[in-house]
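**Student:** I would like the atomic coordinates for the input below:
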Amino acid sequence: MTILLTDDIVLTEDDFKTISRAVYDHCGINLHMGKKELVRARMAKLLRQKGFRSFSDYIRFVMNDRSGAEFTVLIDALSTNLTSFFRENQHFDYLRTSLLPQLLARRSHGGKTRIRGWSAGCSSGEEHYSIAITLLESLPASGTVDAMILATDIANSKLDIARKGSYDSAKVEPVPADIRLKYFVKTAKRSSAEYELCAAVKNLVCFRYLNLMEPWPVKGPIDFIFCRNSVFD
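**Tutor:** This is a model prediction of the structure:
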């Protein structure tokens with residue numbers, strides 16, 4: 001069976017298996033048959049951008065690139081990046097009302113309290129900035145808490161977006177008005193209005209590229225992990 005891209009370009013079963021195996025070996029993402037249409041659609045965009053007339057030719061090009069740069073482009077394209085500010089808000093409610101109070105209570109022995117979180121698969125930044133805002137809303141403003149969030153992803157293109165901390169109106173306006181006014185600055189970049197996170201939010205986040213199949217590079221304990229955008233199935 002083949003899936004038609006155009007009248008003369010097809011994604012064969014062998015091509016799909018080659019890509020699936022390479023992606024799984026590299027980063028553990030399982031592109032099973034149920035994701036074949038997703039793979040076809042996202043790779044089709046790369047073919048058009050780079051001027052290839054077949055999936056097979058593009059796959060050979062990727063596999064023969066010893067620098068690994070083209071494989072990184074492919075991983076960026078195939079990574080699922082479903083995210084939004086305060087998506088599935090019950091997770092942030094639990095962080096605010098249950099976990100953070102427990103951490104503060106256990107560590108209220110004087111001195112500065114250290115809290116570390118990790119957003120694995122942070123995508124374009126909405127998740128880890130939502131965590132940062134939750135911390136700012138929940139922790140004492142007295143400077144007695146040393147908080148930091150590690151934000152990692154395998155898609156460099158998404159990390160670039162996340163580091164900027166700038167989003168268009170469609171992404172930010174669903175955020176509750178009081179939070180939006182407190183932590184977002186409205187700008188007038190490009191042709192449409194954008195919002196940028198304030199420095200207090202950005203300063204809570206440390207960005208890193210991370211392939212979860214590789215050795216863990218971080219030393220020290222992590223108090224909580226958001227792993228909602230990293231799926232190994």
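**Student:** gap between residue 178 and residue 198?
**Tutor:** Using C-beta to C-beta, to the nearest Å, one obtains 14 Å as the distance from residue 178 to residue 198. Bear in mind the C-beta positions are built from the backbone N, C-alpha and C, glycine included.
**Student:** between the two, who's got more neighbours?
**Tutor:** A count of neighbours by other C-beta atoms under 10 Å puts residue 198 above the other of residue 178 and residue 198, at 15 against 9.
**Student:** give me every residue that touches the more buried one.
**Tutor:** Residues in contact with residue 198, defined by C-beta atoms under 8 Å, 6 or more residues apart in numbering, are 183-185.
**Student:** try 10 Å this time
**Tutor:** Taking C-beta atoms under 10 Å, 6 or more residues apart in numbering as the definition of contact, the neighbours of residue 198 are 133, 136, 165, 182-185.
**Student:** Closest to residue 74 out of these?
**Tutor:** Proximity of those to residue 74 was ranked by C-beta to C-beta; the top entry is residue 165 with 26.5 Å.
**Student:** Can you give me the neighbour number for that closest one?
**Tutor:** By other C-beta under 10 Å, the residues close to residue 165 number 20.
**Student:** What distance do you get for it to residue 62?
**Tutor:** Per C-beta to C-beta, residue 165 is found 31 Å from residue 62.
**Student:** again with residue 138
**Tutor:** Looking at residue 138 against residue 62, where the rule is C-beta to C-beta, the gap reads 45 Å.
**Student:** and what of residue 215?
**Tutor:** For residue 215 relative to residue 62 (C-beta to C-beta), the value is 25 Å.
**Student:** I'd like to know which of the contacts of residue 198 are buried.
**Tutor:** With burial judged by 16 or more other C-beta atoms under 10 Å, the buried subset of the contacts of residue 198 is 133, 136, 165, 183-184.
**Student:** Tell me which of those residues fall in strands.
**Tutor:** Mapping the buried ones among the contacts of residue 198 onto strands (DSSP state E) picks out residue 184.
**Student:** for the buried ones among the contacts of residue 198, which one is nearest residue 207?
**Tutor:** Closest approach to residue 207 among the buried ones among the contacts of residue 198 (C-beta to C-beta): residue 165, at 10.3 Å.
**Student:** Okay, now the unreliable bits of the chain?
**Tutor:** Judged by pLDDT under 70, the chain has its weakly predicted residues at 1-9, 27-29, 80-82, 108-111, 142, 189-193, 228-233.
**Student:** in it, which spans are strands?
**Tutor:** 3-4, 10-11, 113-120, 145-153, 166-168, 184-187, 194-197, 205-209, 224-226.
**Student:** Given the last one, what are its sheet partners and their directions?
**Tutor:** Read that as strand 224-226. Applying DSSP bridges to the sheet, strand 224-226 is found paired with strand 113-120 (parallel).
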